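In: what's the 3D shape of this:
(2 chains)
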Amino acid sequence: GQQVMQIPQYQHVQEGEDFTTYCNSSTTLSNIQWYKQRPGGHPVFLIQLVKSGEVKKQKRLTFQFGEAKKNSSLHITATQTTDVGTYFCAGRGTNAGKSTFGDGTTLTVKP
Amino acid sequence: EAGVAQSPRYKIIEKRQSVAFWCNPISGHATLYWYQQILGQGPKLLIQFQNNGVVDDSQLPKDRFSAERLKGVDSTLKIQPAKLEDSAVYLCASSSGSGSPLHFGNGTRLTVT
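Out: Have a look, this model is predicted:
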């Protein structure tokens, strides 16, 4: 079945440093979604990417969808303590199947 | 708009006991999901409903887990009998359609002792 891998599992940064998490699928995706889960909270939708090579920005967050639609990345510029949490990608297969979540990248930010 | 409502927030039971979780999705959302999230892992889909019909239950352990959405609105997930490995957070989510962004509830943290 479809597998979605995320790296790294953990990332510790100093406030102000940049952060990137990568998501790789074993199969081609129809879309990919990114979610953020704060400690003790539930996943909250951030963005959805659909087109090959798509790039979307939300303030300091930049999301990319690979040309082959099998990988994606989330980059945060100049991290802040409010960015702390676990970032999950969820990839949806091309056969209109279910979305599969990766195991997330947990970001901690040292002030 | 009101978010996805779930109850209870926490539940502690002994193994072999039964437990039920309730979810009320965002009004108008036809698609409802139950996910299991084990500590340190991403959410794993247990079952997906479209209105009151099951779309995907391929990862639902049907010997002990059951779910229903009789009127196509709220839903219940039951575990009977519970095992130690069922300790997890059970998240309900809804969306306006399959493939659309998921809106999660606060989840039920289940501890099986």
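In: who touches A:Pro111 in this structure?
Out: Neighbour list for A:Pro111: A:Glu15, A:Thr81 [criterion: C-beta atoms under 8 Å, 6 or more residues apart in numbering or on different chains]. The way it works is simple: take the backbone N, C-alpha and C, and place the C-beta from them, glycine included.
In: Relative to chain B, how far out is it?
Out: Look at A:Pro111 and chain B: by C-beta to the nearest C-beta, to the nearest Å, they are 25 Å apart.
In: got it, and A:Phe88?
Out: Distance of A:Phe88 to chain B, computed by C-beta to the nearest C-beta: 5 Å.
In: who's in contact with the residue positioned nearest the centre of chain B?
Out: Residue closest to the mean C-alpha point of chain B, counted by C-alpha atoms, centre = their mean, is B:Trp34 at 3.0 Å. Going by C-beta under 8 Å, 6+ apart, B:Trp34 touches B:Phe21, B:Cys23, B:Leu45, B:Leu46, B:Ile47, B:Ala67, B:Ser75, B:Leu77, B:Tyr90, B:Leu91, B:Cys92.
In: just those residues that are near chain A?
Out: On the criterion C-beta under 8 Å from any C-beta of the partner chain, B:Leu45, B:Leu91 are the entries of the contacts of B:Trp34 that sit beside chain A.
In: Which of the contacts of B:Trp34 fall within strands?
Out: B:Phe21, B:Cys23, B:Leu45, B:Leu46, B:Ile47, B:Ala67, B:Ser75, B:Leu77, B:Tyr90, B:Leu91, B:Cys92 (DSSP state E).
In: what's the farthest-apart pair in those residues?
Out: Spatial extent of these (C-beta to C-beta) is set by the pair B:Phe21 and B:Leu45 at 15.2 Å.
In: any bit of the lowest-mean-pLDDT helix or strand in chain B sitting next to chain A?
Out: Using mean pLDDT, DSSP states H and E, the weakest-scoring helix or strand in chain B turns out to be strand B:53-56, at a mean of 93. Yes - residues of strand B:53-56 contacting chain A under C-beta under 8 Å from any C-beta: B:Asp56.
In: which one of the contacts of B:Trp34 is nearest A:Val84?
Out: B:Leu91 (20.1 Å).
In: Could you count how many residues lie near the closest one?
Out: Using other C-beta atoms under 10 Å in any protein chain shown, B:Leu91 has 27 other residues around it.
In: what do you get for B:Arg64?
Out: Counted with other C-beta under 10 Å, the neighbours of B:Arg64 add up to 14.
In: That one touches B:Pro81, doesn't it?
Out: Yes - with contact defined as C-beta atoms under 8 Å, B:Arg64 reaches B:Pro81; the gap is 6.4 Å.
In: Would you mind measuring from A:Gln2 to A:Ile32?
Out: Separation of A:Gln2 from A:Ile32 (C-beta to C-beta, to the nearest Å): 12 Å.
In: before we move on, which element is A:His12 in?
Out: Using DSSP states H and E, A:His12 maps to strand A:10-14.
In: hmm, back to that, possible to save the ones in strands among the contacts of B:Trp34 as TSV with pLDDT?
Out: Shown next, in TSV, are the ones in strands among the contacts of B:Trp34 (pLDDT from 0 to 100):
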residue	pLDDT
B:Phe21	98
B:Cys23	98
B:Leu45	96
B:Leu46	97
B:Ile47	96
B:Ala67	98
B:Ser75	97
B:Leu77	98
B:Tyr90	98
B:Leu91	98
B:Cys92	98
